[in-house]
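[1] Have a look; sequence and predicted model below, questions after that.
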Amino acid sequence: MPTYTALTTLADKQAADLMAAMLENMTPEPYGVGVFEIEDGSGLFEVGGYFLEQPDEVALALIAATTYARPFAVSELPDKDWVAEVRRELAPIRAGRFFLYGSHDADKVPPNCVPMLIEAAMAFGTGHHGTTQGCLTVLDKLANAGFMPKNVADIGCGTAVLAMGAAKIWDVPILASDIDEVATDTAIANLTCNDLAKHVQVVTCAGFDHPQLRKESPFDLILANILKGPLIELAPDMEKSCNYGGYVILSGILNEQADEVIKGYENHGFKKVDHLIIGEWSTLTLQRNVTIQSV
């Protein structure tokens, strides 16, 4: 059975959230609705509805007009086993000591690595993107340099791959948070698959806005693979939540955005330690209020 997508973009987050709510009330109703900030520095948000039946294009046109968005682009997707398709394309990835793989590639796990199992159905944010791969590589560099945190936070954790990586290296309290309940549910599933559910606590909140995060603060290491805008907005909370001498690892940053993020964090007591580039993406390592030595 074919499925359908209806996608559009607009510049205002509040309007994008309103559009998503309107999509959820359509008939036939979508089986999923998503709002995503486009990672190209444009400031635009993509809103998508996913349908098992042909969507009502008149209703879509009214929703777009009401929120001053571009008209929806409606596409029919072929009947396809998408998980099997991802498995064919999702090759194992090495990032420092870490080896990320699907169960279909379990026989390819090399010796002397830190393996992390990610199923194809949970493939988003698994290291096959330069941002996640960059963060894991920096985690490996910090550990090789002898860094030993007393606690770790993964803010905007998504599938919790970064929290998993930290838990594989250090036996310390680790908190992972995300604003999206679907993401935190997926994070818990990933942690369970890797026998790490007891080592990482997952909470649903925006940024650091959770009692457990406030209780555990300050952190020696904070990971945040989000986007430029939210990262800069989080800089004051990062300063409050990062221990003196602690590190923050930031990604979700296009190379041309890196200087702006660095400046934003320098204004809050951080200094750049490392700038790793993988393709078009930058991963920044910054340290709070101490003399800096490269890692």
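    That came in fine, so what should we check first?
[2] Please make it C-alpha for all contacts and neighbour counts, starting now.
    Fine.
[3] what pLDDT does residue 30 get?
    Looking at residue 30, its pLDDT reads 87.
[4] Determine the number of other residues adjacent to it.
    When neighbours are counted by other Cα atoms under 10 Å, residue 30 registers 21.
[5] Could you do residue 279 as well?
    Applying other Cα under 10 Å, I find that residue 279 has 11 neighbouring residues.
[6] That one and residue 190, how far apart?
    As judged by Cα to Cα, to the nearest Å, residue 279 and residue 190 stand 26 Å apart.
[7] repeat for residue 59
    Plainly put, residue 59 is 37 Å away from residue 190 if you go by Cα to Cα.
[8] So between the two, which is more surrounded?
    A side-by-side neighbour count of residue 59 and residue 190, using other Cα under 10 Å, places residue 190 first with 22 against 14.
[9] Residue 36 should be in a strand, yeah?
    Yes. Looking at residue 36 with DSSP: H, G, I helix; E, B strand; the rest coil, it is inside a strand.
[10] mind listing what it touches?
    45, 46, 47 (Cα atoms under 8 Å, 6 or more residues apart in numbering).
[11] Closest to residue 270 out of those?
    Nearest to residue 270 among the contacts of residue 36 is residue 45, at 29.6 Å by Cα to Cα.
[12] which residues does that closest one bridge with?
    Beta-bridge partners recorded for residue 45 (DSSP bridges): residue 10, residue 37.
[13] Going along the chain, name the strands of the chain.
    For the chain, applying DSSP state E gives strands covering 3-10, 32-37, 45-51, 73-77, 93-95, 98-101, 114-117, 152-155, 174-178, 200-204, 219-225, 242-254, 270-278, 281-288.
[14] Give me the angle between the third one and strand 3-10.
    I take that to be strand 45-51. In terms of direction (axes from the mean of the first three to the mean of the last three Cα atoms, to 10 degrees), strand 45-51 departs from strand 3-10 by 160 degrees.
[15] and the gap between residue 15 and residue 47?
    Counting by Cα to Cα, the gap from residue 15 to residue 47 is 10 Å.
[16] okay, these two: which has more neighbours?
    Of the pair residue 15 and residue 47, residue 47 is the one with more neighbours under other Cα under 10 Å, namely 22 against 16.
[17] ok, residue 8 - contacts?
    Neighbouring residues of residue 8 by Cα under 8 Å, 6+ apart: 46, 47, 48, 69, 70, 71, 72, 73.
[18] between those, which is nearest residue 143?
    Distance to residue 143, by Cα to Cα, is smallest for residue 46 among these, at 37.2 Å.
[19] The closest one - nearest residue in space that isn't next to it in sequence?
    Excluding the flanking residues, the one nearest residue 46 by Cα to Cα, 6 or more residues apart in numbering is residue 9, at 4.4 Å.
[20] Now for the one you found: which residues touch it?
    So residue 9 contacts 44, 45, 46, 47, 69, 70 (Cα under 8 Å, 6+ apart).
[21] Any of the residues you listed buried? List them.
    Among these, those buried by neighbour count (16 or more other Cα atoms under 10 Å) are 44, 45, 46, 47, 69.
[22] From what I see, the first one and residue 16 are in contact.
    It refers to residue 44. No. The criterion here is Cα atoms under 8 Å, and residue 44 misses it with residue 16 at 9.5 Å.
[23] Return every residue with contacts to both of the two.
    residue 10.
[24] The nearest residue to residue 20 once chain neighbours are set aside and residue 73, how far apart?
    What sits nearest to residue 20 in space, not counting adjacent residues and going by Cα to Cα, 6+ apart, is residue 33, at 6.3 Å. Distance, residue 33 to residue 73, by Cα to Cα: 15 Å.
[25] If you count surrounding residues, which of those two has more?
    Per other Cα under 10 Å, whichever of residue 33 and residue 73 has more neighbours is residue 33, with 20 against 13.
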